[in-house]
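K.L.:
build me a model:
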Amino acid sequence: MGARGAGIVDDAAGRAREADIAAQAAFFAPHRQESLPDQIYEQILIQLGTGRLSVGERLPSETQLSRAFGVSRPVVRTALARLRADGLIESRQGAGSFVVRTLSADFMGEAPSGAIAELLRCYEMRVALEGEAAFLAAERRTARDLAAIEAEAARLAREFDGPDSGAAADVAFHRAIAAATQNHLFSQVMELLRRPLRDGIATARRLAQRSAAMRLPIVLDEHAAVVDAIRAQEPGRARDAMRAHIGRSRDRMLGFEARRGETPPRDIPRETS
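P.N.:
Numbers count the residues shown, from 1 in each chain. You can find the predicted model right below:
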């Protein structure tokens with residue numbers, strides 16, 4: 001091929017690359033948030049929840065994403081690490097990152113706009129914090145503490161179909177367990193998490209109301225397992241029950257159970273974000 005022909009091919013290839021980058025930029029239009037990785041993470045979550053990315057589909061490369069978003073590759077890498085930790089994508093050596101799970105469109109419709117990343121980060125924090133709170137509550141609870149925990153569990157059963165879908169009772173249940181640790185710092189941290197905690201529980205409750213006949217017994221059974229372990233003063237069992245409850249609540253909210261059929265829900269992701 002002559003020099004002129006080679007130049008034409010190079011120009012065509014260059015235009016193709018520019019078109020590809022422009023298409024990626026339009027597809028992954030970033031939301032304005034404080035954290036750059038969160039912008040990318042949340043935008044990809046939206047694509048997973050709206051069907052624009054489907055199971056088995058390969059994501060654009062780190063280079064393509066960094067160009068599309070106008071950020072460095074380490075920023076993109078952080079966002080992709082979170083998606084892997086959430087079990088949404090997997091990396092295959094030499095092939096790239098592929099979608100392995102998608103989100104529920106219902107969740108995308110109910111989730112607080114622009115706050116999905118923070119909402120999921122709260123769930124990740126909760127599994128660590130509240131698992132240990134349940135452990136300590138089982139060790140240290142008084143009869144009065146136990147009565148308060150049982151009262152909030154019963155209140156949730158009564159209010160699940162109410163105006164706030166039992167969200168207030170659910171938050172109160174978890175705060176009662178924090179109080180039973182006899183360590184005021186657990187209660188203070190729960191207070192700091194009050195807004196994202198309430199947002200997450202309220203979102204999960206609104207979604208659960210759509211299939212309340214199936215979801216309500218599950219939620220109550222999970223709460224009962226935590227209460228039973230605290231009542232029996234079995235710290236390890238209380239921790240496991242709380243971690244399982246929070247992880248499964250998150251999975252139900254995101255629609256993971258429905259997508260996985262018979263596969264049992266897993267706990268919160270292992271990697272922090």
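K.L.:
give me the low-pLDDT residue ranges for the protein?
P.N.:
1-34, 112-114, 162, 164-165, 208-216, 257-273 (pLDDT under 70).
K.L.:
pull out the buried positions in stretch 173-189.
P.N.:
Phe173, His174, Arg175, Ala176, Ile177, Ala178, Ala179, Ala180, Thr181, Asn183, Phe186, Ser187 (16 or more other Cβ atoms under 10 Å). Glycine gets a C-beta too; all of them are placed from N, C-alpha and C.
K.L.:
first-to-last residue distance for it?
P.N.:
15 Å (Cα to Cα, to the nearest Å).
K.L.:
rewinding a little: for the buried residues of stretch 173-189, work out which two are farthest apart.
P.N.:
Phe173 and Asn183 (18.0 Å; Cβ to Cβ).
K.L.:
could I get the buried residue list for the helix or strand Pro196 falls within?
P.N.:
Here Pro196, judged by DSSP states H and E, is contained in helix 194-209. Residues of helix 194-209 classed as buried: 196-208 (neighbour count, 16+ other Cβ under 10 Å).
K.L.:
any chance of TSV for those residues, columns distance to Glu222?
P.N.:
Shown next, in TSV, are those (distance: Cβ to Cβ, whole Å):
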residue	distance to Glu222
Pro196	20
Leu197	16
Arg198	19
Asp199	20
Gly200	15
Ile201	13
Ala202	17
Thr203	17
Ala204	12
Arg205	14
Arg206	18
Leu207	16
Ala208	12
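K.L.:
farthest-separated two in the residues you listed?
P.N.:
Taking Cβ to Cβ as the measure, the buried residues of helix 194-209 reach their widest spread between Pro196 and Ala208, a distance of 18.2 Å.
K.L.:
how about Ser72, what does it touch?
P.N.:
Counting by Cβ atoms under 8 Å, 6 or more residues apart in numbering, Ser72 touches Ser66.
K.L.:
any idea how far it is from Thr78?
P.N.:
From Ser72 across to Thr78, the span is 10 Å (Cβ to Cβ, to the nearest Å).
K.L.:
kindly report the same for Met108.
P.N.:
For Met108 relative to Thr78 (Cβ to Cβ), the value is 22 Å.
K.L.:
other residues contacting stretch 168-188?
P.N.:
129-130, 133-134, 136-137, 140-142, 145-146, 148-149, 151-153, 155-156, 158-159, 189-190, 194, 197-198, 201, 205, 223, 226, 230, 242.
K.L.:
now it, how far from the chain's geometric center?
P.N.:
22 Å (Cα atoms, centre = their mean, to the nearest Å).
K.L.:
now swap in stretch 106-122 and tell me
P.N.:
8 Å.
K.L.:
check which residues of the helix or strand harbouring Asp106 are buried.
P.N.:
Applying DSSP H and E as the criterion places Asp106 in helix 105-110. The neighbour-count check on helix 105-110 (16+ other Cβ under 10 Å) flags Asp106, Phe107, Met108, Glu110 as buried.
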